[in-house]
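Student: quick one: sequence and predicted model below, then my questions.
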Amino acid sequence: MELVGDYSENPFEGMGNDIPMLALCRTIEIDLREMLGETELPPAIEAKNGVLM
């Protein structure tokens, strides 16, 4: 139980089980640019080895 607590204590360290901040930020960026009517959008972040960063 303590090990699980240690892993979930800081979800922003960039580990495999953490919040995928890069993908989350890129999705927000794409959504905002679409709302502004831009057509040249950056590509979405793809998972590598089943892990989304």
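Tutor: That came in fine, so what should we check first?
Student: state the distance from N10 to D18.
Tutor: 8 Å (CB to CB, to the nearest Å). Using the backbone N, CA and C atoms, a C-beta is placed for each residue, glycine as well.
Student: okay, those two: which has more neighbours?
Tutor: Taking neighbours as other CB atoms under 10 Å, N10 and D18 compare with D18 leading, 15 against 10.
Student: for that one, grab phi and psi.
Tutor: Backbone dihedrals for D18, given as degrees, to the nearest 10, come out at phi -90, psi 170.
Student: okay but it is in contact with P11, surely?
Tutor: Yes - with contact defined as CB atoms under 8 Å, D18 counts as touching P11 (4.9 Å).
Student: what ranges do the helices span in this structure?
Tutor: 2-9, 21-35 (DSSP state H).
Student: now those as a markdown table including mean pLDDT and mean neighbour count?
Tutor: Shown next, in a markdown table, are the helices of the chain (pLDDT from 0 to 100; neighbours: other CB atoms under 10 Å):
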| stretch | mean pLDDT | mean neighbour count |
| --- | --- | --- |
| helix 2-9 | 79 | 9 |
| helix 21-35 | 95 | 12 |
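Student: okay if I get these as a markdown table plus distance to A47?
Tutor: Below are the helices of the chain laid out as a markdown table (distance: least, CB to CB, whole Å):
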| stretch | distance to A47 |
| --- | --- |
| helix 2-9 | 19 |
| helix 21-35 | 8 |
